[in-house]
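K.L.:
Sequence and predicted model, in that order:
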Amino acid sequence: MSGPSVSGYTGSETTRDMVASEIERRWGKAEMKKYDPERNTCLTFRKWLSLGFVPRKGEKCIRSVTFVEKKDAQGNVIKKIPRPVFLFQPVEKKGV
(Lines give C-alpha, C1' and ligand atoms only; values in the text may rest on other atoms or scores of the structure.)
Protein backbone atom coordinates (compact mmCIF):
# COMPACT_ATOMS: atom_id res chain seq x y z
CA MET A 1 0.00 0.00 0.00
CA SER A 2 1.21 3.43 -0.80
CA GLY A 3 -0.28 6.87 -1.21
CA PRO A 4 -1.96 9.08 1.35
CA SER A 5 -1.84 8.43 5.06
CA VAL A 6 -4.34 5.76 6.11
CA SER A 7 -3.29 5.18 9.70
CA GLY A 8 -3.93 7.19 12.81
CA TYR A 9 -0.20 7.73 13.31
CA THR A 10 0.42 11.15 14.84
CA GLY A 11 4.17 11.40 14.40
CA SER A 12 5.51 10.01 17.66
CA GLU A 13 9.07 8.77 17.15
CA THR A 14 8.81 6.64 20.29
CA THR A 15 5.75 4.84 18.94
CA ARG A 16 7.36 4.36 15.52
CA ASP A 17 10.52 2.93 17.08
CA MET A 18 8.58 0.66 19.42
CA VAL A 19 6.49 -0.84 16.60
CA ALA A 20 9.50 -1.08 14.25
CA SER A 21 11.52 -3.01 16.84
CA GLU A 22 8.63 -5.45 17.36
CA ILE A 23 8.31 -5.97 13.58
CA GLU A 24 12.05 -6.63 13.38
CA ARG A 25 11.87 -9.09 16.29
CA ARG A 26 8.97 -11.02 14.73
CA TRP A 27 9.69 -10.90 11.00
CA GLY A 28 13.26 -9.62 10.55
CA LYS A 29 15.04 -6.53 9.26
CA ALA A 30 13.66 -6.83 5.71
CA GLU A 31 10.09 -6.37 6.98
CA MET A 32 11.14 -3.61 9.37
CA LYS A 33 12.64 -1.63 6.48
CA LYS A 34 9.24 -1.76 4.70
CA TYR A 35 7.50 -0.27 7.74
CA ASP A 36 5.86 3.09 7.04
CA PRO A 37 3.75 4.18 10.03
CA GLU A 38 1.56 6.53 7.99
CA ARG A 39 0.73 4.42 4.97
CA ASN A 40 1.01 0.69 5.52
CA THR A 41 1.97 -2.42 7.41
CA CYS A 42 0.62 -1.72 10.91
CA LEU A 43 -3.01 -0.79 11.19
CA THR A 44 -5.84 -1.56 13.57
CA PHE A 45 -8.18 -4.46 12.90
CA ARG A 46 -11.04 -2.14 11.92
CA LYS A 47 -8.82 -0.13 9.56
CA TRP A 48 -7.73 -3.30 7.75
CA LEU A 49 -11.38 -4.33 7.39
CA SER A 50 -12.33 -0.93 5.97
CA LEU A 51 -9.55 -1.29 3.36
CA GLY A 52 -10.80 -4.73 2.29
CA PHE A 53 -8.23 -6.80 4.16
CA VAL A 54 -8.35 -8.97 7.24
CA PRO A 55 -5.51 -9.94 9.61
CA ARG A 56 -4.61 -13.60 9.46
CA LYS A 57 -6.54 -15.82 11.81
CA GLY A 58 -4.54 -16.35 15.00
CA GLU A 59 -2.17 -13.45 14.28
CA LYS A 60 -1.05 -11.70 17.47
CA CYS A 61 -1.30 -7.94 17.66
CA ILE A 62 1.50 -5.47 18.14
CA ARG A 63 0.66 -3.43 21.21
CA SER A 64 1.19 0.29 21.09
CA VAL A 65 -0.11 3.28 22.96
CA THR A 66 -1.64 6.60 22.05
CA PHE A 67 -2.50 9.52 24.30
CA VAL A 68 -5.95 11.10 24.32
CA GLU A 69 -5.96 14.70 25.47
CA LYS A 70 -8.61 15.79 27.96
CA LYS A 71 -9.36 19.50 27.61
CA ASP A 72 -11.16 22.02 29.77
CA ALA A 73 -13.93 24.38 28.55
CA GLN A 74 -11.36 26.83 27.15
CA GLY A 75 -9.63 24.11 25.13
CA ASN A 76 -6.55 23.86 27.32
CA VAL A 77 -5.10 20.37 27.72
CA ILE A 78 -5.48 19.38 31.35
CA LYS A 79 -4.58 15.72 31.11
CA LYS A 80 -3.21 13.13 28.66
CA ILE A 81 -4.74 9.70 29.04
CA PRO A 82 -2.86 6.68 27.66
CA ARG A 83 -4.97 4.35 25.52
CA PRO A 84 -3.77 1.02 24.16
CA VAL A 85 -3.73 0.47 20.41
CA PHE A 86 -3.64 -3.00 18.90
CA LEU A 87 -1.95 -3.12 15.51
CA PHE A 88 -1.72 -5.91 12.96
CA GLN A 89 0.75 -6.28 10.13
CA PRO A 90 0.34 -9.32 7.88
CA VAL A 91 -2.97 -9.34 6.07
CA GLU A 92 -4.93 -11.32 3.52
CA LYS A 93 -7.50 -10.03 1.03
CA LYS A 94 -11.06 -10.53 2.25
CA GLY A 95 -12.72 -13.61 0.80
CA VAL A 96 -9.44 -15.42 0.00
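P.N.:
Looks like it came in fine. Source: prediction; values computed, not measured.

K.L.:
Tell me how far the lengthiest strand in the chain lies from the chain's centre.
P.N.:
Secondary structure of the chain per DSSP state E: the longest strand is strand 77-88. Chain-centre distance of strand 77-88: 12 Å, with Cα atoms, centre = their mean, to the nearest Å.

K.L.:
Name the residues that touch stretch 71-84?
P.N.:
Counting by Cβ atoms under 8 Å, 6 or more residues apart in numbering, stretch 71-84 makes contact with 63-70, all of which sit outside it. In this view, the C-beta of every residue, glycine as well, is placed from N, C-alpha and C.

K.L.:
Which of those residues sits closest to residue 10?
P.N.:
Closest approach between the contacts of stretch 71-84 and residue 10, by Cβ to Cβ: residue 66, at 7.2 Å.

K.L.:
give me the number of residues near the closest one?
P.N.:
15 (other Cβ atoms under 10 Å).

K.L.:
Dig out what it forms beta bridges with.
P.N.:
residue 83 (DSSP bridges).

K.L.:
Verify the contact between it and residue 10 for me.
P.N.:
Yes: the pair formed by residue 66 and residue 10 meets the contact definition of Cβ atoms under 8 Å, at 7.2 Å.

K.L.:
between these two, what contacts are shared?
P.N.:
By Cβ under 8 Å, 6+ apart, no residue touches both residue 66 and residue 10.

K.L.:
can you tell me which helix in the chain is longest?
P.N.:
Taking DSSP state H as the criterion, the chain has its longest helix at helix 13-27.
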